Every structure is written in C-alpha cells, then in structure tokens.
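K.L.:
Would you be able to build a 3D model of this:
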Amino acid sequence: MTTPILVLGGIIGNQIPRFLAHDLTLTASSVEKLGQIEEAARQMGVRARVHLKIDTGMERIGVHYYSASSLLEASLTGDHFEVEGIFSHFANADAADQSYSRLQLERFNHVLGFYSSRGISHPPLRHMANSAAIAGFRSSHMDMVRAGILLYGVYPSDDTPRTVEVRPSLSWKSRVVYFKVIQPDHPVSYGSTWRSDHPVRAVTVPVGYGDGYFRSMSGRAEVIIRGKRYPVIGRVCMDQVVVNIEWDSAYNGDEVILIGEAENGAAITVEELADWAGTIPWEILTNVNTRVPRVYKVTADR
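P.N.:
Residues are numbered from 1 along each chain as shown. Below you'll find the predicted structure:
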C-alpha cells in the first residue's frame, strides 16, 4: 500500500508507535496528542505525518475553534513531525438548512487566518467537506474532500442536492435454502407474530441479525427472488428469515437479493432497508458484518 492513510479518529498514546510503524498519517486533536506523536517519532527515529483537527461545532474531538491557536503554535515547533493538513467536520451538512454549516466554515476559515496573520503558508491539505458537503456546499471543498457514503452510491439525505452522479457500488445477496407450504393459522418465527388465513408458499433464507440484517425490519422488509419482490414474514432471526412467496415458485439455490438490482430492474436500496429498520443508511452499510463473504467484481463499465 503506497497511498497515504489518514487516521481520522482520536488516538491514545500507546497506539502511536504502532501507527507510525505502518506509516499512517495521524490526527493531532490537541497539544497533548501532538506532543505524544512528537515523542514517539523521536524515539523511533522517524518523521510523523499529522493533520490538525479543529472542532468548529461538532463537540467530538479536536481543539475548539476559539482556542485553536495553541495547537497551531505548537505545530510550528516540532522536529519529528510534518503537518500535512488541517481539518474540521460538518455536523449538519445533510440538512436543508445550511446556516450552521456556513457558520462552521466561517469558524474554520477564521482559524486558518492564523497562518496569513503570520505571513506563513497554511498546511497543504485543508479539508472539511463530507459527502453531503461534496454534493451541496462547494465553497467548503478547499484542497481535499472526504467522500464517505457517496462512495457506496448512496446520498446522505433527501435534502442533499443531487449534483454528483453516483451508482450503487454494492449488492447483498443470499440463496433460498428451504421451501415449504404453510397452512392457514400456522404462526411463523419467534413470537408467533405472523400467520396467514390461507395456504402460502414460503422459503427460508440464511441471513439474519447475526449478519447485520436488522431485527427491527421484522414485518417490514422485502427481498427479490426471480425478479419479484416478496415480504419477509415473522421476526427476523439471528441466522434466518422466512419469505412469503404466496403461490409463486422458488427453488433451493435461487438467488435472493437483499440489497441490489435484478436483471429486470426490480431493486431494493440501502435507503429502503434504513427506513424499514428505523435508522440511517450509514448504519445499514456498516453493520453488514464479517460473517458475510465479500466478493469484489471489476467490469469494463463500472
């Protein structure tokens, strides 16, 4: 791996040597953290690469914008690190009202005035724009942007302008492993929460909340089998779900689309799963866990 990797989050002192051993770029979110990076780099005989984190209104990590000068001053004096960047993070860039985002950008630009007031250059990489700001807040792009959910082909919110052409970059699929006919008034799954008043055909699919398919989607989720959408019935189990195919046909081994598009255009989106689960698309994407095999495909057109 030759592409620089920036560790955006907070770090603790005993992690720093390991990060430096792998030549990772670190976030200095306080004078103390910067000092720890300097000392670790000195002991290892290396020169660390750092980005300075400014809190302009998220209250997570980073020095407050109104007291950032102490960190910036300290960043001018180290012998064993190089400041490659300075950044902040938007709290509400995906909202319809952009007034707070504009305020945050104003605060960040004020912090950057530290450099011009001293007649010195700012760090090479100033960055603040997340996916929502990439699409809807061009003046925040500066030297670098940080695409997150857009990389998956998903927009952050309905309020985010559709200014960037994206396509879904992942699908989630399983297979039918069992077929049966469920008789009237025979309850399905834990809690016996679903039953039919007529015979139905049902298939079992080996996916559940143990894989990141949320239990809160019980009674709401749908899947695609043979190009047609069908409802998940009963509660989502740890490892399995039951799907009502009414009186259609399905066979063991048939592909089941949980997220993605069938050849006939039928599709289930990440946004739909988020709505069924009562959450946000980020949580759906980050909870497809390591039990689910990853298959990477590269084709000529995508």
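
K.L.:
and the next element down the chain from the lengthiest helix in the chain?
P.N.:
For the chain, the longest helix by residue count, based on DSSP state H, is helix 99-117. Reading on from helix 99-117 to the C-terminus, the next helix or strand found by DSSP states H and E is strand 125-129.

K.L.:
Packing partners of that following strand?
P.N.:
In terms of contacts (3 or more C-beta pairs under 8 Å, 6 or more residues apart in numbering; DSSP states H and E), strand 125-129 is packed against strand 81-87, helix 99-117, strand 144-145. From N, CA and C alone the C-beta is placed, and that goes for glycine too.

K.L.:
about what we covered before: show me what the longest helix of the chain is packed against.
P.N.:
By 3+ C-beta pairs under 8 Å, 6+ apart, helix 99-117 packs against helix 69-74, strand 125-129.

K.L.:
buried sites along the first one?
P.N.:
By that I understand helix 69-74. For helix 69-74, burial by neighbour count (16 or more other C-beta atoms under 10 Å) applies to 71, 72, 74.

K.L.:
And for stretch 247-254?
P.N.:
250, 254.

K.L.:
Stretch 78-96 too?
P.N.:
78, 80-81, 83-95.

K.L.:
again with stretch 123-141
P.N.:
For stretch 123-141, by 16+ other C-beta under 10 Å, it's 123, 125-137, 140.

K.L.:
From the chain's centroid, how far away is that stretch?
P.N.:
How far stretch 123-141 lies from its chain's middle: 17 Å, per C-alpha atoms, centre = their mean, to the nearest Å.

K.L.:
got a list of contacts for that stretch?
P.N.:
Contact with stretch 123-141 is made by 51-52, 56, 83-90, 93-94, 98, 101, 104-105, 108, 112, 142-150, 155-157, 160-164, as judged by C-beta atoms under 8 Å, 6 or more residues apart in numbering.

K.L.:
Repeat the analysis, applying 7 Å as the threshold.
P.N.:
By C-beta atoms under 7 Å, 6 or more residues apart in numbering, the list of residues contacting stretch 123-141 from outside reads 83-90, 93-94, 98, 101, 105, 108, 112, 142-150, 155-157, 160-161, 163-164.

K.L.:
now do stretch 186-203
P.N.:
For stretch 186-203, contacts defined as C-beta under 7 Å, 6+ apart pick out 176, 178-185, 219, 233-235, 237, 242-248, 250.

K.L.:
tell me the average confidence for it?
P.N.:
Taken as a whole, stretch 186-203 has an average pLDDT of 98.
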